[in-house]
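> how would this look folded up:
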Amino acid sequence: MFSKWTGKAGISLGLTLLLLSTFWVINGAIAQEAPGDSTEDVAGEVSVAAAVNSRISYQGVLEENGSPVNGARDITFNFYTNDSCSGVAVYITTENDVPVTDGLFSVDVDIGQNYFHGQGLWLEVEVDGTEIGCEEILPVPYALSLRPGATIAGIPTGWTGSVLSVDMSGAYPAASAIHGTTATGSAVRGESGGGSAVSGSTETGYGVYGYDGGTEQARGYGGYFFSQNGVGVYGQSNAATDHPNIYAPGVYGRSANGVGVYGETLDTNSWAGYFSSAGRGVYASVPSGNVGFNTSGSKLAVVAASDGARLLYTEESTEVWFTDYGFGTLEGGDKVVAMDPIFAETVNLNEPYHVFVEPYGPASLYVTDRTPTGFVVRAREGEPDVEFSYRIVAKRLEYEDHRLERAPWADNDPHLYPERTGEVQQTADGGER
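Numbering: from 1, shown residues only. Predicted coordinates:
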C-alpha cells in the first residue's frame, strides 16, 4: 500500500497561492509571467501580458511497500474548511493518470476562484482511493496582506500613485474593478486626513455611482455624505461658459417617483438649500400645467438697502394670472389698446380677463370692447385727451382651471401642521420620521 508522506506542499505551492490570492482578490489583476516575456518601464515596474489562472501546484513523494512508485496514478484532491478534513468537502477534483517517476510527482490542481476568499482550507489527498493525510493550505508571507482584516501599507510614487492599483480596462462595461458587499455596515469606506477619502474619475460615465439595490423594498440611500463642519456634498462642472449646458451641472439629482434633490436642516437659522451664482440662480423645468415651485413659507426677494438687505414679498393669488402694464393717451375721448403679441402668447385671452385703468388728469375712464387682440379705453367725462395707465390680468395659458388645488404632499408638513409633529410622517426621500 502507499505510505502516508509527511511533507507539506513545498515552495511551488506557496508561490502559486500568492499569485492566486492576488488574482482572486482583485479579479483579473496581472501577475508575474515567465522570464523574458515582460517589459520594464523607467520606474522599474514590470508590465506583463498574462493573467494568473485558477490552478495551484502540488508536489509529493509516493512510496509503495517501501519503494518509490513508478507509473501513473489517479489523485483526488478534497478541500475542507476544518483541520480534520471531515464532513462535506467544499470542493473535489481528480487528476487522472498523473505520472510518477522514482516516487516524485507534480500536478497542477484546477480549483475555481470562488473557493478562496480568506477562509482557512485543508487538503486531503487520495491516491487510487487511498487517503493520504490532511494538511492545511498555507500562503506565503506576502499573501497574508490580502487576507480579511489585513492592512496594505506603503508609499506610492508620484502624486497620482496608489498603494494598491486595480486595472480592469479590458473588462466588460458593466463589470466592477472593486466590488464590496455588507449586511449593515459600509461596503466600501474611505478615510483621509486632508485629501479625498474616495475619489472617482471617468471620461463619460460616473465618477462615483451609488444606488440602494434597485428593488421595490429598498429604502436606503444611493449616496450619503456627512460633514461635521464642512461641506456634505460639493459638485463642480467645468462646462464651457460660452455654451452653457444645463445637463452638465455641478450636482444632478433624479428620481423616478420621489424627490430629485432633498435638503434638510435641523438648525432653525440654517438653509435646507443655498445657491450662489455669478449668473442666474435656480431654474425649475416642469411639463405645462404642473407646479414649478412651491413652498409652505413666503416667497420673497432680497434687495440691498442703505441699512442692509431687506425683504420684499410676493403677492399670492388663488388662481394663476399673468400681468402686463402700460401707458396710453386718449385721442378725442377714446383709445384702442392693442395686446402685446408676446404677452398674448403666454395667456388665454379667450377667457375673461381684467383691465384696470388709472387717469393722470381730471377724467373718469372705463374699459369696453375687450377682445383677444385688445380693448378700448373711453372717457365717461372729463378731459378727452388725458394720459392713463393700465394693468391687464389674464389667465396663464394651460393653467386656466387651476384654483386652490389640494396639495396632499404637504399634508404632513410639520411647519404647516405642528399639531401632527408626534405622528409618523413620510419624508421626501420615502422613509419615515
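
> Surely V337 and T371 touch.
No: with contact taken as Cβ atoms under 8 Å, V337 and T371 are classed as non-touching, separated by 10.9 Å. Just so you know, the C-beta spots here come from the backbone N, C-alpha and C atoms, and that holds for glycine as well.

> More neighbours: which of the two?
Relative neighbour count places V337 above the other of V337 and T371, with 18 against 10, counting by other Cβ atoms under 10 Å.

> So the more buried one lies in a helix, does it not?
No: under DSSP: H, G, I helix; E, B strand; the rest coil, V337 falls outside any helix and is assigned strand.

> For the chain, name the helix or strand with the lowest mean pLDDT.
helix 11-26 (a mean of 28; mean pLDDT, DSSP states H and E).

> Next, the contact list for T373, please.
With contacts defined as Cβ atoms under 8 Å, 6 or more residues apart in numbering, T373 is in contact with 338-339, 344, 349.

> give me that answer again for 10 Å
By Cβ atoms under 10 Å, 6 or more residues apart in numbering, the contact set of T373 is 336, 338-339, 341, 344, 349.

> Look up phi and psi at it.
phi -100, psi -10 (degrees, to the nearest 10).

> Please tell me how far it sits from A379.
T373 sits 22 Å away from A379, taking Cβ to Cβ, to the nearest Å as the criterion.

> could I get the contacts of T373 as CSV with distance to A272 and neighbour count?
Formatted as CSV, those follow (distance: Cβ to Cβ, whole Å; neighbours: other Cβ atoms under 10 Å):
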residue, distance to A272, neighbour count
V336, 50, 12
A338, 45, 10
M339, 41, 20
P341, 41, 8
A344, 38, 18
L349, 39, 20
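
> Now render these as CSV, adding pLDDT.
Listed next are these as CSV, based on pLDDT from 0 to 100:
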residue, pLDDT
V336, 98
A338, 98
M339, 98
P341, 97
A344, 98
L349, 98
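
> nearest to Y80, of these?
Each of these was checked against Y80 using Cβ to Cβ; the closest is A344, at 84.6 Å.

> Could you name the helices and strands sitting against the host helix or strand of the closest one?
Element membership for A344 (DSSP states H and E) is helix 341-346. Using 3 or more Cβ pairs under 10 Å, 6 or more residues apart in numbering; DSSP states H and E as the contact criterion, the secondary-structure elements in contact with helix 341-346 are strand 321-329, strand 387-395.

> so of those, which one's packed in deepest?
Counting by mean count of other Cβ atoms under 10 Å, strand 387-395 has the highest mean neighbour count of the helices and strands packed on helix 341-346, with a mean of 18.

> a helix runs through S227, doesn't it?
No: secondary structure assignment (three-state DSSP) places S227 in coil, not in a helix.

> my guess is it contacts A197, does it?
No: applying Cβ atoms under 10 Å, one finds S227 not in contact with A197, separated by 11.0 Å.

> I would like the residues contacting the helix holding A344, please.
Residues from elsewhere that reach helix 341-346 (Cβ under 10 Å, 6+ apart): 322-324, 326, 338-340, 349, 372-374, 392, 394, 396-398.

> Max pairwise distance over those residues: which two?
Based on Cβ to Cβ, the longest span within the contacts of helix 341-346 runs between G326 and E398 and measures 24.4 Å.

> returning to what we had before: kindly export the helix or strand following the helix holding A344 (C-alpha atoms) in CSV.
Using DSSP H and E, the helix or strand that follows helix 341-346 towards the C-terminus is strand 354-359. The C-alpha trace of strand 354-359 is given here as CSV (Å, rounded to 0.1, in the frame of the first residue of the first chain):
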residue,chain,number,x,y,z
HIS,A,354,-59.2,92.0,-16.2
VAL,A,355,-58.2,95.6,-17.3
PHE,A,356,-57.7,98.3,-14.6
VAL,A,357,-57.1,101.9,-15.8
GLU,A,358,-55.9,105.0,-13.9
PRO,A,359,-56.2,108.5,-15.4
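
> For strand 354-359, which strands pair with it and how are they oriented?
Strand pairing for strand 354-359, determined by DSSP bridges: strand 387-395 (antiparallel).

> Next, the angle strand 321-329 makes with the partner strand.
Regarding strand 387-395 and strand 321-329, their directions subtend 160 degrees when assessed with axes from the mean of the first three to the mean of the last three Cα atoms, to 10 degrees.
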